[in-house]
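# need the 3D shape of this:
(chains A and B)
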Amino acid sequence: AQSVTQPDARVTVSEGASLQLRCKYSYSGTPYLFWYVQYPRQGLQLLLKYYSGDPVVQGVNGFEAEFSKSNSSFHLRKASVHWSDSAVYFCVVNSGGSNAKLTFGKGTKLSVKS
Amino acid sequence: AQTIHQWPVAEIKAVGSPLSLGCTIKGKSSPNLYWYWQATGGTLQQLFYSITVGQVESVVQLNLSASRPKDDQFILSTEKLLLSHSGFYLCAWSLGWGVQNTLYFGAGTRLSVL
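I've put the predicted structure just below:
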């Protein structure tokens, strides 16, 4: 069965600093990976997704993620964070099938200090 | 553009009382629809999915039921709420199948059962 681990429940960075949120997955096949963001009192918004090709994928708002098959990782990065990036970030694996059963990590709550 | 609307935004209900949560998708024909649930402190898990009107598949047994009375509407309900039903409920839609299936989420309903 697939699983997703986000080892950091909370991350605090200063505005303008760089960011990396870690994600490790376990999946026997070729995964389809996502990062979603949940802003306060809102639903989930898609940041980026990866299935194949260039292991570095660009997303919205300056976010990017790098896929590593050897490390079973899909870390999210941003060169310079803004206070508005404060939110909860979820790493997600889609195992396929007709029900699109997504496996979510527990999320990393990012706080950006101004 | 497609929109997804969930109602209500929040509910406070008594144990044993009935519940009905709704979700409407506009701008997409015959989407796949999903209900996800996030218990307080937990991760998101899929509860139900629907491929077409009148057909709903249960993924997790939580003494909840779901129905799809119209192509663009998905309802989550129960006749008797339990304390364990508290949490955050998200409706989502997608087109297509398989690992490349991307889900788009509503803003969610926060449910507190007292």
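
# in chain B, which residue is most central in space?
Residue closest to the average C-alpha location in chain B (C-alpha atoms, centre = their mean): residue B:35, at 3.0 Å.

# ok, it - contacts?
Residues counted as contacts of residue B:35 (C-beta atoms under 8 Å, 6 or more residues apart in numbering or on different chains) are B:23, B:46, B:47, B:48, B:49, B:66, B:74, B:76, B:89, B:90, B:91, B:92. The C-beta positions use only the backbone N, C-alpha and C, and glycine is treated the same way.

# which of these has the most neighbours?
Using other C-beta atoms under 10 Å in any protein chain shown as the neighbour test, those are led by residue B:91, with 30 neighbours.

# and the gap between that residue and residue A:106?
Residue B:91 is 21 Å from residue A:106, where distance means C-beta to C-beta, to the nearest Å.

# checking the nearest residue to residue B:60 once chain neighbours are set aside next. Helix, strand or coil?
Excluding the flanking residues, the one nearest residue B:60 by C-beta to C-beta, 6 or more residues apart in numbering or on different chains is residue B:47, at 5.4 Å. The three-state label given to residue B:47 by DSSP: H, G, I helix; E, B strand; the rest coil is strand.

# got a list of what residue B:47 touches?
Residue B:47 touches B:35, B:36, B:37, B:58, B:59, B:60, B:62, B:64, B:66, B:76, counting by C-beta under 8 Å, 6+ apart.

# circling back to that earlier point, what about the residue nearest to the centre of chain B, which helix or strand?
Residue B:35 belongs to strand B:32-38 when assigned by DSSP states H and E.

# direction included, what does that strand pair against?
strand B:44-52 (antiparallel), strand B:87-94 (antiparallel) (DSSP bridges).

# any regions of chain A where pLDDT drops low?
Within chain A, the ranges that satisfy pLDDT under 70 run A:96-100.

# around chain B, which positions in it sit nearby?
Contact residues (C-beta under 8 Å from any C-beta of the partner chain) of chain A with chain B: A:29-32, A:34, A:36, A:41-46, A:49, A:51, A:90, A:94-102, A:104-107.

# all helices of chain B, in order?
Secondary structure of chain B by DSSP state H: no helices are present.

# near chain A, which residues of it show up?
Proximity of chain B to chain A (C-beta under 8 Å from any C-beta) is limited to residues B:6, B:32, B:34, B:36, B:42-46, B:49, B:51, B:57, B:59, B:90, B:94, B:97-108.

# pLDDT below threshold where in chain B?
Within chain B, the ranges that satisfy pLDDT under 70 run B:97-100.
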